[in-house]
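K.L.:
Got a predicted structure here, sequence first:
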Amino acid sequence: MTVRTYIRDHWKNSIKTPDAKCLGIVKMPTSYTVPCMREGFTDFYYWDTYFTNIGLLLDGMQVQAARNLDVMAYFIDALGYVPNASNILDRSQPPLFVRGVFDLWRATGDDAVLTRYMKAMEAEYRFFMLDRMTPCGLNAYGTYLCRSRLLLDYPWLSERVGHFVEDGDMEGKIALSRDLFSIAESGWDFNYRFRTERSPFDARAFAHLDLCSLLFDVEQKLALMKEHLGDSDAAARYRAAAEHRRSLMDTYMRDPQTGIYYDYNFERGTRSDILSAASIYPYAVGVSDDREGLLRVISALELPCGLSACAYRGEGECYLQWDFPSMWPSNVYFAYVALHRLGLDADARRIGEKYIHVVDAVYRAKGDLFEKYDARDGSVSVTSEYETPAMLGWTAGVYVFLKDNGL
């Protein structure tokens, strides 16, 4: 059985029917997909589901893709945002709901998709603009956890990333926990993109590049959809917001020497010294059309078997799971989209084919797809934070996307 056939035959095993159990203040309104069929992540996860939906749409499962969007809209109506997961309500994840609605609209050609979800799309945008804003006018991930919960969860976090705070320093533990849960909202839990002299995980000091890029994409897509629906005034406002964001990102996040974008430390007026796959996002969504800048990022991240989440920083460094040398499907997707968008088709094909080859080879050896892979040697990525699970989810969605693009 090929991987493509395996995915098509097993989508049904990733679909769950809601039960009566209440999750926080809401319960699941309809059937939904989960990342893992058998173990590990068997709840609804926000940004994983976006990539799953890509595969579902390409495999003709528009009804289930729409149901997944219904779950996101239901959460937005109940909470004001889509939570990290159906059992993790204290934070969100990367805002891909609007992109998911846009994909469904393009797949169906049905304008009712836009009117059905417009209220929820605009509500999620307001959440990130009101609750996830920094003093420099750009956005950062966060969390709603209270101080007592942050302190309570510190031991669990320190087991995953290491002990960086003295035992008696409660304020230090609270601050570090808040930063780590903010990074968890990014979905990249964990890495050192926000490292400073004060903390190895100083997320509170930064505007976050991937979030700002995705919000630019939200603004652009809302403008297109509003224009299509005849609301030219709203479309103009969203276009203006996108151009303002582009200007801020070029001012604060872009290195003028290399054209590469980084997370921005607004407290120090500096950019992060960690080059990560987040630097691909501005080129994928249209913030920048600089081919040379994108190729510099790809060159720094590409390894023999694929694309690393972060650039190699030397043998003395500590590498976490969203770091060197882990290859994650979401990063491969945005890299392919960015390269293809800028006409770098040979590079896009090379990155995509490396991913396809690794997934195929591991499937032949183990009979499963996995959450992430090692871009150095093509093996299943092994990290200390948790055991790498067998996964359909976004691994399948990105695989289907690449195969559908002729790889």
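P.N.:
That came through, no problem. Numbering: from 1, shown residues only.

K.L.:
could you check the distance from the residue sitting furthest away from the middle of the chain over to Gly60?
P.N.:
What lies farthest from the middle of the chain is Gly168; by CA atoms, centre = their mean that is 34.9 Å. From Gly168 across to Gly60, the span is 59 Å (CB to CB, to the nearest Å). Where C-beta positions appear, they are placed from N, C-alpha and C, glycine not excepted.

K.L.:
Over to Val332?
P.N.:
When Val332 is compared with Gly60 (using CB to CB), they lie 23 Å apart.

K.L.:
Which of these two has more residues huddled nearby?
P.N.:
When Val332 and Gly60 are compared for neighbours, Val332 comes out ahead with 30 against 11, by other CB atoms under 10 Å.

K.L.:
Verify the contact between that one and Tyr355 for me.
P.N.:
Yes - assessed by CB atoms under 8 Å, Val332 is found in contact with Tyr355 at 4.7 Å.

K.L.:
Could you name every residue contacting both of these two?
P.N.:
Gly306, Leu307, Val398, Leu402 (CB atoms under 8 Å, 6 or more residues apart in numbering).

K.L.:
I figured the second one hits Ala277, correct?
P.N.:
Yes - in this structure Leu307 lies within contact range of Ala277 using CB under 8 Å: 6.7 Å.

K.L.:
overlap in contacts of these two?
P.N.:
Leu301, Asn331, Ala335.

K.L.:
Where do the helices of the stretch 251-400 of the chain begin and end?
P.N.:
281-285, 291-301, 329-341, 345-366, 393-404 (DSSP state H, counting those that start in this stretch).

K.L.:
The residue farthest from the centre of the chain: helix or strand, and which one exactly?
P.N.:
Here Gly168, judged by DSSP states H and E, is contained in no helix and no strand.

K.L.:
swap in the one 10 residues further on?
P.N.:
Assigning secondary structure by DSSP H and E places Arg178 in helix 170-185.

K.L.:
just checking, next helix/strand downstream of that helix?
P.N.:
Counting by DSSP H and E, the next helix or strand C-terminal to helix 170-185 is strand 206-207.

K.L.:
Which other helices and strands does the next helix or strand after that following strand contact?
P.N.:
Next in sequence after strand 206-207, counting helices and strands by DSSP H and E, comes helix 209-228. Helix 209-228 sits against helix 97-108, helix 112-131, helix 232-252, helix 281-285, with contacts defined as 3 or more CB pairs under 8 Å, 6 or more residues apart in numbering; DSSP states H and E.

K.L.:
Provide a list of residues in contact with Leu229.
P.N.:
So Leu229 contacts Asp111, Leu114, Thr115, Met118 (CB under 8 Å, 6+ apart).

K.L.:
Pull out the buried residues from the residues you listed.
P.N.:
Leu114, Met118 (16 or more other CB atoms under 10 Å).

K.L.:
Can I get the contacts of Leu229 in CSV including pLDDT?
P.N.:
Shown next, in CSV, are those (pLDDT from 0 to 100):
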residue, pLDDT
Asp111, 98
Leu114, 98
Thr115, 97
Met118, 98
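
K.L.:
Closest to Leu339 out of the contacts of Leu229?
P.N.:
Leu114 (29.0 Å; CB to CB).

K.L.:
Can you tell me the closest non-neighbouring residue to Asn331?
P.N.:
With sequence-adjacent residues excluded and distances taken as CB to CB, 6 or more residues apart in numbering, Asn331 is closest to Ala277, at 3.9 Å.

K.L.:
so how many other residues sit close to that neighbour?
P.N.:
Count around Ala277 with other CB under 10 Å applied: 27.

K.L.:
distance of it from Asp233?
P.N.:
37 Å.

K.L.:
Now do the SS call for the residue nearest the centre of the chain.
P.N.:
Geometric centre of the chain, nearest residue: Pro94, 4.9 Å, by CA atoms, centre = their mean. In three-state terms, and counting by DSSP: H, G, I helix; E, B strand; the rest coil, Pro94 is coil.

K.L.:
hang on, isn't it packed against Trp47?
P.N.:
Yes - using CB under 8 Å, Pro94 is in contact with Trp47, at 4.8 Å.

K.L.:
which residues do the two both contact?
P.N.:
By CB under 8 Å, 6+ apart, the residues touching both Pro94 and Trp47 are Gly187.

K.L.:
Helix or strand: which one has Arg67?
P.N.:
helix 62-79.

K.L.:
returning to what we had before: highest average neighbour count across the helices and strands packed on helix 209-228?
P.N.:
helix 281-285 (a mean of 26; mean count of other CB atoms under 10 Å).

K.L.:
Can you name every helix or strand that that helix contacts?
P.N.:
Under the contact rule (3+ CB pairs under 8 Å, 6+ apart), helix 281-285 is packed against helix 209-228, helix 291-301, helix 329-341.

K.L.:
List the buried residues for the shortest one?
P.N.:
Within helix 291-301, the residues that qualify as buried by neighbour count (16+ other CB under 10 Å) are Arg291, Gly293, Leu294, Leu295, Arg296, Val297, Ile298, Ala300, Leu301.

K.L.:
Next, the angle helix 345-366 makes with that helix.
P.N.:
Calculated by axes from the mean of the first three to the mean of the last three CA atoms, to 10 degrees, helix 291-301 forms an angle of 30 degrees with helix 345-366.

K.L.:
which other residues reach helix 291-301?
P.N.:
258-261, 275-277, 279-280, 283, 288, 307-311, 335, 338-339, 342-344, 347, 351.

K.L.:
Only C-alpha atoms, please: export that helix in PDB.
P.N.:
Extracted in PDB, the C-alpha atoms of helix 291-301 (Å, rounded to 0.1, in the frame of the first residue of the first chain):
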ATOM      1  CA  ARG A 291      13.800  35.900  -3.700                       C
ATOM      2  CA  GLU A 292      17.400  36.300  -2.400                       C
ATOM      3  CA  GLY A 293      16.200  36.800   1.200                       C
ATOM      4  CA  LEU A 294      14.100  33.600   1.000                       C
ATOM      5  CA  LEU A 295      16.900  31.600  -0.600                       C
ATOM      6  CA  ARG A 296      19.200  32.600   2.200                       C
ATOM      7  CA  VAL A 297      16.700  31.300   4.800                       C
ATOM      8  CA  ILE A 298      16.300  28.000   2.900                       C
ATOM      9  CA  SER A 299      20.100  27.600   2.600                       C
ATOM     10  CA  ALA A 300      20.500  28.000   6.300                       C
ATOM     11  CA  LEU A 301      17.800  25.500   7.200                       C
END
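
K.L.:
got any ranges where the chain has weak pLDDT?
P.N.:
19-26, 384 (pLDDT under 70).
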